[in-house]
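**Q** I need the structure of the sequence given here:
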Amino acid sequence: MSRLSPQKQEGFTLLELMVVVVIVAILAAVAWPSYQNHVRKARRVECEGVLMRSAATLERRKSATLSYATNPAGGGQFPGGVSRIYCPAETGASAAGKRTYAVTFLGAPSSTTFTLQATPIGAQAADKCGTLTLNHLGDRGASGASAPECW
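**A** This next block holds a predicted model:
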């Protein structure tokens, strides 16, 4: 007479599975804000590059024409006649959803001065640095509470 031996159960219990779910949820709750801050910082750094390139373009214009002014009729315009550029500087229909900053002149550039400002838009509006500025002297600024560490 053979006795049936009890079979060994394999797998996870519901309790073990719920413990894993709770641990993953806690890790995600801690990691997500840190990830979002990292993404905002990366976007900000990209826009700082656009500001620096725009300033370099204006410096080249001043070297050639002895003036930062880009539009003789007044108003601040970038080369190509646009009054606003976006970060990232992609073009096309899909670019509108990726825009994180709008770069404009703060007032019209004169023959001797200019100030560029990058205003955060969309999801980037929650960035701690706020609006970034750059002028003809190379002075960098930010309107946010953590301004010294923004550039």
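
**Q** which other residues reach the lowest-mean-pLDDT helix or strand in the chain?
**A** Taking mean pLDDT, DSSP states H and E as the measure, the chain has strand 85-87 as its least confident helix or strand, at a mean of 85. For strand 85-87, contacts defined as CB atoms under 8 Å, 6 or more residues apart in numbering pick out 43, 46-47, 50, 54, 78, 95, 99-103, 118. The C-beta positions use only the backbone N, C-alpha and C, and glycine is treated the same way.

**Q** Redo those as CSV? Include distance to Leu66 and neighbour count.
**A** Output for the contacts of strand 85-87, formatted as CSV (distance: CB to CB, whole Å; neighbours: other CB atoms under 10 Å):
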residue, distance to Leu66, neighbour count
Arg43, 35, 21
Glu46, 32, 14
Cys47, 29, 25
Val50, 25, 19
Ser54, 19, 20
Phe78, 19, 20
Ala95, 35, 12
Arg99, 34, 17
Thr100, 34, 22
Tyr101, 30, 27
Ala102, 29, 18
Val103, 24, 20
Ala118, 27, 27
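
**Q** So which of these belong to strands?
**A** Tyr101, Ala102, Val103, Ala118 (DSSP state E).

**Q** Can you tell me the centre-most residue of this structure?
**A** Centroid-nearest residue in the chain: Arg43, 2.5 Å away (criterion: CA atoms, centre = their mean).

**Q** And that residue, how close does it get to Val30?
**A** Per CB to CB, to the nearest Å, Arg43 is found 22 Å from Val30.

**Q** Over to Leu14?
**A** From Leu14 to Val30 the distance is 25 Å (CB to CB).

**Q** Next: Gln77.
**A** Relative to Val30, and taking CB to CB, Gln77 is found at 46 Å.

**Q** Give me the neighbour count for Ser83.
**A** Residues lying near Ser83 (other CB atoms under 10 Å) number 12.

**Q** Which residue, neighbours along the chain excluded, lies closest to Gly141?
**A** Thr133 (4.3 Å; CB to CB, 6 or more residues apart in numbering).

**Q** which element is the one you found on?
**A** strand 132-135 (DSSP states H and E).

**Q** Understood, closing this out.
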